[in-house]
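Participant: Quick one, fold the following:
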Amino acid sequence: IEFLKAHPTLVADTRHFDYHFTNRFLEHISEVDAQIDGTLISSENFQAISLVQPRYREQVSCIYIDPPYNTSENTFVYKNQYRHSSWMTMIYDRVAASLRLLDAGGVLECAIDDTETARLRIILDDIFGQENRVATIAVEVNPAGQNLRPNTPALSHDYCHVYARDIEHMTMLTRDLTEEEKAIYTGRDDKGAFLWDNLRRRGGNSRPTDRPGQWYPLYVNPQTKEVSVDRVEGWEEVWPIDPQGERRIWRVNTEGARREIAAGEIGVLEKAGRLEIVKKTRMPEGKKPKTHWTDSKYSATTYGTKLLIDILGEQRFSYPKSLHLVVDCLRYWCDEEAIVLDYFAGSGTTGHAVIALNHADNGKRKFILVEQGDYFDTVLVPRLKKVAYTPEWKNSKPKRFATAEEAERSPRIMKVIRLESYE
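Facilitator: Below you'll find the model as predicted:
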């Protein structure tokens, strides 16, 4: 008992106990179904999608899949050198069937590379409608680059296509700012942190011919640095002309400038002997994702293959995705109560990512993983047992015990379902 108290996240697998003990054990858990945090299905995925329809119809917030890329690699259980039409049929049938599982604001995220990305877009446009296409994100997953053919660039990226069941009902979340991003907001007033940014517009649509109503002078008191829209005797006239002498425009019209000046949002700084009109830019609560992701944490080698070897002690699976990449794919479309489905689950990275997100923000997300390969038992299940116990591993041994917060946020029950099919 003391050992179990000291290791609250230790996983007990009921398949190692007899039927009567398992039943007595489960009788002591109230509402078992509601407490299941992860459902792991060993099955051909189309069959599994059909199985979960009655239970999860319109309840899944996010489907994340990483299907076979249909390349020359032969390390996948799924056939990986289909004719394009056969590959398209395989993907179309499964995505179309899973659409009914998404809730009104749910999204599908599908990882792919250049081999089938164009055909995948055709499939997803047809199932979801082009109007529900959210984004295509390009991710650098191999920073060193892969030399596939002579006289072609080294391939370093994959894609993630994101589609909403109904984009009007979809909610995209933001990420927290990093400490470096927060550091640039050096000003502070009663409304919070801000930075001074030039009121002069730059980039596209920044010339008087683009927006004539935003080409006008402002007036600055050289001593007090007060600003006015109206001419004041003795005050300096300032036009939105950049340091190269190019005519630009202000970011607000005269009424907007008058309102922002009164609110204390517009000021004056002196830079290189010039008076620059500036406006407060407030520190945002979060950041939207961009469509181009480059970060060493997305390396499939370091945070996919090597991370999985650290957990299991040996290489049992080829080409797992970076854990951090899947975490970031999920965080923008999965709130703290989301149900996540992956029916090309592979090594279980998606389940691991859900657990990691819950550890980070005290979420109650749940996951459903479907995989048909032998590595369901040799990779996926052992991986999830281990990361449910503690998040950090090295040489198949825990680097540390879970913190009290991690223990509280770890999965309580994971259910394993095995579907047999006969021909």
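
Participant: Any buried residues in stretch 153-164, and which?
Facilitator: Neighbour counts over stretch 153-164 (16 or more other CB atoms under 10 Å) mark H157, D158, Y159, C160, H161, V162, Y163, A164 as buried. No exception for glycine: its C-beta is placed from N, CA and C like everyone else's.

Participant: before we move on, what about stretch 9-24?
Facilitator: By neighbour count with 16+ other CB under 10 Å, stretch 9-24 contains the buried residues T9, V11.

Participant: cool, and stretch 232-249?
Facilitator: Taking 16+ other CB under 10 Å as the basis for neighbour counts, the residues of stretch 232-249 that come out buried are W235, V238, P240, R248, I249.

Participant: same thing with stretch 128-142?
Facilitator: If you call a residue buried by 16+ other CB under 10 Å, then stretch 128-142 has these buried ones: F128, N132, R133, V134, T136, I137, A138, V139, E140, V141, N142.

Participant: Just the ones of these in helices?
Facilitator: Under the assignment DSSP state H, these contribute F128 to helices.

Participant: Greatest separation within the buried residues of stretch 128-142: which pair is it?
Facilitator: With distance counted by CB to CB, no two of the buried residues of stretch 128-142 lie farther apart than N132 and N142, which are 30.1 Å apart.

Participant: Please determine how far E2 is located from R412.
Facilitator: 21 Å (CB to CB, to the nearest Å).

Participant: need the strands for the stretch 201-350 of the chain, in chain order.
Facilitator: Chain-ordered strands for the stretch 201-350 of the chain, with DSSP state E, counting those that start in this stretch as the definition, fall at 218-220, 227-228, 236-238, 266-271, 274-282, 292-293, 339-342.

Participant: partner strands of the last one, parallel or antiparallel?
Facilitator: The strands that strand 339-342 pairs with in its sheet are strand 60-65 (parallel), strand 366-371 (parallel) (by DSSP bridges).

Participant: and the last one, what's its mean pLDDT?
Facilitator: What it means is strand 366-371. Strand 366-371 shows an average pLDDT of 98 in the prediction.

Participant: and what of the first one?
Facilitator: Mean pLDDT, computed over strand 60-65, is 98.

Participant: Residues contacting that strand, please?
Facilitator: Strand 60-65 is contacted from outside by 95, 98, 101-103, 105-111, 326, 329-330, 333-335, 337-344, 350, 368, using CB atoms under 8 Å, 6 or more residues apart in numbering.

Participant: Need the buried ones from those selected in PyMOL.
Facilitator: Per 16+ other CB under 10 Å, the buried members of the contacts of strand 60-65 correspond to this PyMOL selection:
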select buried, resi 95+98+101+102+103+105+106+107+108+109+110+111+326+329+330+333+334+338+339+340+341+342+343+344+350+368
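
Participant: Out of the contacts of strand 60-65, which sit inside helices?
Facilitator: Among the contacts of strand 60-65, the members found in helices (DSSP H) are V95, S98, V326, C329, L330, T350.

Participant: of all those, which comes closest to L275?
Facilitator: C329 (46.1 Å).

Participant: Provide a list of residues in contact with the nearest residue to that closest one once chain neighbours are set aside.
Facilitator: The shortest distance from C329 to any residue other than its chain neighbours is 5.3 Å, reached at E109 (CB to CB, 6 or more residues apart in numbering). With contacts defined as CB under 8 Å, 6+ apart, the neighbours of E109 are C62, I63, Y64, I65, C160, H161, V162, C329, L330, W333.

Participant: picking up where we left off before, out of the strands paired with strand 339-342, which one sits most buried?
Facilitator: Per-residue neighbour counts averaged over each of the strands paired with strand 339-342 give the maximum for strand 366-371, namely a mean of 27 (mean count of other CB atoms under 10 Å).

Participant: Looking at the contacts of E109, which is nearest T115?
Facilitator: Compare each of the contacts of E109 with T115 using CB to CB and the shortest gap goes to H161, at 13.8 Å.

Participant: My read is that the closest one contacts C110, right?
Facilitator: Yes - H161 lies in contact with C110 (CB atoms under 8 Å); the separation is 5.0 Å.

Participant: Which neighbours do those two have in common?
Facilitator: When CB under 8 Å, 6+ apart defines a contact, the residues bordering H161 and C110 alike are L120, L124.

Participant: measure the residue nearest to E314 when sequence neighbours are not counted to I266 for me?
Facilitator: Distance criterion CB to CB, 6+ apart; nearest residue to E314, sequence neighbours excluded, is S396 at 7.8 Å. Applying CB to CB, one obtains 60 Å for the distance of S396 from I266.

Participant: What about T378, how many residues nearby?
Facilitator: By other CB atoms under 10 Å, 14 other residues sit near T378.

Participant: Quick check on it: phi, psi?
Facilitator: Listed backbone geometry of T378 is phi -90, psi -20, with angles given as degrees, to the nearest 10.
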